[in-house]
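Novice: here you go, sequence then predicted model.
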Amino acid sequence: MPIPDQPVRHRGDAPAVQVTFLGTSSGVPTRSRNVSAVALRLPQRAELWLFDCGEATQHQFLRSDLRVSQLRRIFVTHMHGDHVYGLPGLLATLGLAGASPGIDLYGPDPLRDYLEGVMRTTSTRISYPLRSHRVRAAATSGALLLDDGDLTVRCTPLNHRVPAYAYRVDQKPKPGRFDVEKAKELGIPPGPIYAALKAGQSVTLEDGRVIRGEALCGPEQPGKSLVYCTDTVFCEAAVELARGADLLIHESTFAHGEAEMAYQRQHSTSTMAAQTAAEAGVKQLALTHLSPRYVAGNPLTPDDLLAEARTIFPATVMAKDFLTLEVGGA
């Protein structure tokens, strides 16, 4: 069935932000690492967003504590198989389970045609709304891709062998903490008035006093931010997109000593990822998308790539399948 293009207009509740890695290998899976997929969990609104969907991603959901029924949005970086082969199966399973109120898909121009082709040739019927959003225009213009009232998403083109895009999710600032004790001292009765004051509104009491909500709230709390960047060789566009982010998830396909191969294949080394993080001034870097050549028993392992990155950017962690990080956390 045709997948319609849709305008990007959504709303939701202000979320906490966590990420779970469901696949951290590049190209092909290994015994310990599946191919690319990262889940963004928004607990306060019982919602999941997915970034890339490599082969067997739905199996990775089954092995995690994430609920695939909460999946609402999927963002695809590019059309290479290790980032999209899991998508048709996942979408079909959601339809068979009757567990989805609808999915919004964001990605390169060919994404919709790819899915429609698979569904048509396999006689797959999707029983829920499936909406497609091409990201190229937003990526090239710098316009917002999504604003749901609490979260915004931007994207930018990367340097890869096919059109590829990085995504940035920003949580909008939250109101400062409401001072309940001060409100009581002012004789303000609890109830709906507190909600209005917490929202920063001015309220007129029965005795005629006008109370400004901002006078009872602490400083505004900045929102959290996450950047997902793969596949690409080092590029300034990624640095600009990631500026000041709490967490940068960046590919690290090759070790520093294989920079020539990285340039040939348009992928990043451990030190390119660290350089991006350092120049962007992010708080934490997570390395992912590792070549299968870096496994135990080989001359270089993920620990070696992590050590290389930390020489440039100490606040680096090595992602592994099912690792969960609190964005902006310690």
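Specialist: Received it, and whenever you're ready, just let me know what you need.
Novice: buried set for stretch 82-95?
Specialist: By neighbour count with 16 or more other CB atoms under 10 Å, stretch 82-95 contains the buried residues 82-92, 94-95. The way it works is simple: take the backbone N, C-alpha and C, and place the C-beta from them, glycine included.
Novice: also stretch 217-232?
Specialist: Of the residues in stretch 217-232, those buried by neighbour count under the rule 16+ other CB under 10 Å are 217, 223-232.
Novice: pull the most distant pair out of those.
Specialist: For those, the maximum inter-member distance is 43.4 Å, found between Cys217 and Asp231 (CB to CB).
Novice: hang on, the earlier thing: the buried residues of stretch 82-95 into a markdown table, with extra columns for distance to Leu285 and secondary structure?
Specialist: Converted to a markdown table, the buried residues of stretch 82-95 look like this (distance: CB to CB, whole Å; DSSP: H, G, I helix; E, B strand; the rest coil):
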| residue | distance to Leu285 | secondary structure |
| --- | --- | --- |
| Asp82 | 21 | helix |
| His83 | 20 | helix |
| Val84 | 25 | helix |
| Tyr85 | 27 | coil |
| Gly86 | 25 | coil |
| Leu87 | 27 | helix |
| Pro88 | 32 | helix |
| Gly89 | 31 | helix |
| Leu90 | 28 | helix |
| Leu91 | 31 | helix |
| Ala92 | 35 | helix |
| Leu94 | 32 | helix |
| Gly95 | 37 | helix |
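Novice: helices along the chain, start to end?
Specialist: Secondary structure of the chain by DSSP state H: the helices cover 57-63, 81-84, 87-97, 111-121, 136-141, 180-185, 192-198, 236-242, 259-265, 270-280, 302-312.
Novice: quick one: average confidence on stretch 40-53?
Specialist: In this model, stretch 40-53 has an average pLDDT of 94.
Novice: flag every buried residue along that stretch.
Specialist: For stretch 40-53, the neighbour count (16+ other CB under 10 Å) marks 40-42, 45, 47-53 as buried.
Novice: where in the stretch 201-330 of the chain is pLDDT low?
Specialist: Regions of the stretch 201-330 of the chain meeting the criterion pLDDT under 70 cover residues 329-330.
Novice: do that again at 80, thanks
Specialist: Scanning the stretch 201-330 of the chain for pLDDT under 80 picks out 220, 328-330.
Novice: please, where are all the strands along it?
Specialist: According to DSSP state E, counting those that start in this stretch, the stretch 201-330 of the chain carries its strands in the segments 202-204, 210-212, 225-229, 247-251, 284-288, 316-318, 324-326.
Novice: name the residues that touch the fifth one?
Specialist: Meaning strand 284-288. Under the criterion CB atoms under 8 Å, 6 or more residues apart in numbering, residues 21, 24, 36, 38, 230, 246-252, 270, 273-274, 277, 302, 305-306, 309, 313, 315-319, 325 lie in contact with strand 284-288.
Novice: how far off centre is that strand?
Specialist: Strand 284-288 has its C-alpha centroid displaced from the chain centroid by 13 Å (CA atoms, centre = their mean, to the nearest Å).
Novice: please apply the same query to the last one.
Specialist: Taking the mean of its C-alpha atoms, strand 324-326 sits 12 Å from the chain's own mean (CA atoms, centre = their mean).
Novice: okay, buried residues for it please.
Specialist: Leu325.
Novice: likewise for the first one?
Specialist: Counting neighbours by 16+ other CB under 10 Å, one finds that the buried residues in strand 202-204 are Val203.
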